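In: With the sequence up front, the predicted model follows.
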Amino acid sequence: MSTLFLIGMHGTEKSQTIVHNEHIFDRVIELQDLDSLMVTLYRDRVSPFPNPYNFETGVSLVLYDPSRFQLSVRQLDVLFKRFFPSFNISAVDHTHEENLQRLNCVERENSVCRNRITRINHWMYHHNDDTPDGVAKKHFSTINENSVPTQACQANIYTLLLHLNDSKAQHLQKASVPRLIRNIEFMSFLSEPIGKLSQDGSHYWNILSTWDFCALSMSTQELIWCGFTLIKKLSRDSNVLIADNKLLLLLFTLESSYHQVNKFHNFRHAIDVMQATWRLCTYLIEDNPVQTLLLCMAAIGHDVGHPGTNNQLLCNCESEVAQNFKNVSILENFHRELFQQLLSEHLPQLLAISKKQFDFISEAILATDMALHSQYEDRLMHEKPMKQVTLISLIIKAADISNVTRPLSISARWAYLITLEFNDCALLESFHKDHRPDQDCYADSYKNLDSAEEYLDYIQNILTNVTNPDDIIKDHPYIPNGQIFFINTFAEVFFNALSQKFSNLKFLSDNVEINKEYWMKHKKPN
Ligand SMILES: Nc1ncnc2c1ncn2[C@@H]1O[C@@H]2COP(=O)(O)O[C@H]2[C@H]1O
């Protein structure tokens with residue numbers, strides 16, 4: 001879905017170029033001012049799943065007259081990057097006709113964003129061409145309709161590298177929250193959970209407090225509410241003051257920093273891991289509210305910006321992000337850096353507490369790299385006495401793969417989602433047989449690639465209606481084999497060792513065994 005926003009534009013101001021190009025967009029929305037734009041962006045983003053208004057599956061443009069709003073195009077673009085990092089959205093000053101050539105790119109950009117394989121490919125491998133030639137190409141004034149330079153034409157689609165570089169730049173500037181964002185009452189976008197609470201005040205507490213917690217059937221609004229409820233309580237327990245609207249702004253920004261279009265590695269997974277982390281903390285570091293708060297925060301941010309693929313793919317294709325982190329724990333370093341910068345902007349007091357305690361949040365996020373799994377297993381079994389940093393790393397690691405320890409009906413749905421993501425990785429690899437990863441790619445060049453926009457209605461059905469695993473594996477008969485492989489290779493030994501060390505966690509290894517038994521019964525011959 002791509003949207004053309006026309007801000008404060010009266011009928012007569014609409015140039016012929018605008019009128020001629022409106023059909024390129026799925027929606028054209030006219031708004032009075034930039035305040036209304038912000039409200040629309042937040043409201044759309046938390047619409048029910050499957051959400052066509054996620055601002056990731058198309059490119060959106062905001063046409064306005066900067067002189068009327070005392071905000072330059074550059075400032076508005078920076079605001080988008082700070083508060084809506086995963087969005088493909090850009091500002092354009094429509095009062096100069098030559099700027100409207102920007103509209104010529106949208107069709108081609110949309111074709112990249114609509115296909116999930118080219119979209120992921122672009123996120124992972126596209127980089128800015130900063131050579132003199134590349135910079136020259138970016139001058140839109142030299143563009144005519146038939147020779148749109150591809151680099152310029154893809155300048156406004158999300159990439160991991162831009163996300164990383166922009167967040168570093170914002171961090172250096174130490175800018176305050178602009179008025180347009182500061183004035184927003186975030187609670188007003190959460191009518192759904194607030195409505196449920198009016199009927200049952202402890203609804204979300206009851207859900208959060210059990211191991212049957214199921215983030216899968218929750219809406220984006222409810223996920224944000226769960227994060228808000230838990231962090232608010234933990235910050236009170238720790239005597240760390242965080243104003244409600246500030247906390248909500250952080251959570252909305254985090255949600256917009258995760259890719260809503262990912263099947264598994266999205267904000268839903270982040271809230272699931274937060275909840276599991278908290279439950280584990282209540283058993284293992286019960287008397288340490290500050291560490292519990294830090295660890296739950298780390299859990300919400302631990303996969304921020306995740307492209308839904310893996311380190312191997314980034315490394316094999318020599319992406320700039322991989323090189324930036326010297327091919328070591330690439331994604332985990334990426335998440336750590338983005339999240340630290342977000343925290344330094346939104347909750348510096350919490351980051352300061354974290355830094356005082358062996359750089360707590362960094363250590364926790366880096367521990368989620370599965371390449372380190374056997375090292376942590378070794379520490380779990382042999383480190384005596386166990387260091388505090390090991391214990392907190394083990395908690396977040398356990399929470400990160402805790403989906404296999406949830407009750408079967410929940411675990412099977414997570415298994416389904418991770419399988420879909422793995423399938424996309426396989427498609428991306430096959431795409432690379434015919435295309436260079438950093439090549440500018442358009443849907444035309446791989447029409448035979450599965451381009452359906454990910455059957456989101458079907459996913460939604462599994463998330464909300466299907467609770468019987470038999471119904472999931474009917475359509476995906478190889479899920480049991482994948483689960484058996486994951487449990488045998490990683491989960492079984494790890495959760496057994498954890499349960500042996502901490503006897504009150506025996507329910508984890510018990511659940512893994514129950515789930516494994518089910519998968520074994522439905523295993524397919526390889
Ligand atoms: N149920 C599951 N089945 C298979 N792999 C899983 C499952 N849960 C987690 N994983 C893998 O474990 C990894 C933990 O780190 P990531 O979140 O980066 O990516 C995760 C997946 O690759």
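Out: Yep, that arrived.

In: Find the closest residue to the ligand in the stretch 1-150 of the chain.
Out: Here the residue of the stretch 1-150 of the chain nearest the ligand is residue 124; by CB to the nearest ligand atom that distance is 14.2 Å. In this view, the C-beta of every residue, glycine as well, is placed from N, C-alpha and C.

In: Pretty sure that residue sits against residue 308.
Out: No - using CB atoms under 8 Å as the test, residue 124 is too far from residue 308 to be in contact (9.6 Å).

In: Just list the residues touching the residue in the stretch 251-400 of the chain positioned nearest to the ligand, thanks.
Out: In the stretch 251-400 of the chain, the residue that lies nearest the ligand is residue 370 (4.8 Å; CB to the nearest ligand atom). Going by CB atoms under 8 Å, 6 or more residues apart in numbering, residue 370 touches residue 490.

In: any idea how far it is from residue 401?
Out: From residue 370 over to residue 401 the distance is 8 Å, taken as CB to CB, to the nearest Å.

In: Now for those two: what residues contact both?
Out: In contact with both residue 370 and residue 401: residue 490, using CB under 8 Å, 6+ apart.

In: where in the stretch 351-500 of the chain is pLDDT low?
Out: 439-454 (pLDDT under 70).

In: what about whichever residue of it sits closest to the ligand, distance to residue 425?
Out: Going by CB to the nearest ligand atom, the ligand is nearest to residue 486 of the stretch 351-500 of the chain, at 3.7 Å. Residue 486 sits 15 Å away from residue 425, going by CB to CB.

In: Might you enumerate the residues of the chain proximal to the ligand?
Out: Contact residues, the chain versus the ligand (CB under 6 Å from any ligand atom): 368, 370, 400-401, 403-404, 414-415, 418, 482-483, 486.

In: By neighbours, which of these wins?
Out: Scoring the residues of the chain next to the ligand on neighbours with other CB atoms under 10 Å, the highest-scoring entry is residue 483 at 27 neighbours.

In: Apart from its neighbours in sequence, what residue is nearest that one?
Out: Residue nearest to residue 483 in three dimensions, not counting chain neighbours: residue 519, with 4.5 Å by CB to CB, 6 or more residues apart in numbering.

In: That neighbour: what's it in contact with?
Out: Counting by CB under 8 Å, 6+ apart, residue 519 touches 479-481, 483-484, 487.

In: ok, so of those residues, who is nearest residue 410?
Out: Closest to residue 410 out of those is residue 483 (13.1 Å), distances taken as CB to CB.

In: quick one: contacts for that closest one?
Out: By CB under 8 Å, 6+ apart, the neighbours of residue 483 are 404, 415, 515-516, 519.

In: quick check, distance from stretch 53-62 to the centre of its chain.
Out: Here stretch 53-62 is found 16 Å from its chain centre; the criterion is CA atoms, centre = their mean, to the nearest Å.

In: sorry, that was for stretch 30-48
Out: With CA atoms, centre = their mean, you get 20 Å for stretch 30-48.

In: now that stretch: mean pLDDT?
Out: Throughout stretch 30-48, pLDDT has a mean value of 97.

In: separation between residue 182 and residue 381?
Out: Counting by CB to CB - residue 182 and residue 381 are separated by 50 Å.

In: again with residue 64
Out: In this structure, residue 64 and residue 381 are 60 Å apart, going by CB to CB.

In: which one of the two has more residues nearby?
Out: The neighbour count for residue 64 versus residue 381, taken as other CB under 10 Å, is higher for residue 64 (24 against 14).

In: Double-check that one against residue 7; I have them as touching.
Out: Yes - contact criterion CB under 8 Å: residue 64 and residue 7 qualify, at 3.8 Å.

In: which residues are in contact with both of those two?
Out: Joint contacts of residue 64 and residue 7 (CB under 8 Å, 6+ apart) are residue 34.

In: for residue 313, what are its contacts?
Out: Applying CB under 8 Å, 6+ apart to residue 313 gives the contacts 124, 425, 428-429.

In: how does it look with 7 Å?
Out: 124, 425, 428 (CB atoms under 7 Å, 6 or more residues apart in numbering).

In: now do residue 200
Out: Applying CB under 7 Å, 6+ apart, we find residue 200 in contact with no residue.

In: Repeat that for residue 215.
Out: With contacts defined as CB under 7 Å, 6+ apart, residue 215 is in contact with 223, 268, 271-272.

In: Can you flag which of those belong to strands?
Out: Judged by DSSP state E, strands contain none of the contacts of residue 215.

In: any idea how far stretch 20-38 is from the chain center?
Out: In this view, stretch 20-38 has its centroid 25 Å away from the chain centroid, taken as CA atoms, centre = their mean.

In: Between the two ends of that stretch, what distance do you get?
Out: Start-to-end span of stretch 20-38 (CA to CA, to the nearest Å) is 26 Å.

In: contacting residues around that stretch?
Out: For stretch 20-38, the surrounding residues in contact (CB under 7 Å, 6+ apart) are 1-9, 40, 58, 62, 69, 71, 103, 106-107, 180-181, 183-184.

In: Helices of the stretch 301-450 of the chain, residue ranges please.
Out: 311-316, 320-324, 330-346, 348-356, 360-366, 373-382, 388-400, 408-434 (DSSP state H, counting those that start in this stretch).

In: Walk me through the domains of the chain.
Out: For the chain, automatic domain parsing gives the domain ranges 3-162, 163-405.

In: Residue 30 - that's part of a helix, no?
Out: No - assessed with DSSP: H, G, I helix; E, B strand; the rest coil, residue 30 is strand; it does not lie in a helix.

In: Can you spell out which residues form a bridge with it?
Out: residue 6 (DSSP bridges).

In: name the element residue 516 belongs to?
Out: According to DSSP states H and E, residue 516 maps onto helix 506-521.

In: in that helix, what counts as buried?
Out: Using 16 or more other CB atoms under 10 Å as the test for burial, helix 506-521 gives 508-509, 511-512, 515-516, 518-519.

In: what about that helix, average pLDDT?
Out: Helix 506-521 comes out with an average pLDDT of 98.

In: Please work out the angle formed by the directions of it and helix 388-400.
Out: Angle, helix 506-521 to helix 388-400, by axes from the mean of the first three to the mean of the last three CA atoms, to 10 degrees: 40 degrees.

In: wait, which of the helices of the stretch 301-450 of the chain is closest to residue 217?
Out: Closest approach to residue 217 among the helices of the stretch 301-450 of the chain (CB to CB): helix 408-434, 8.8 Å.
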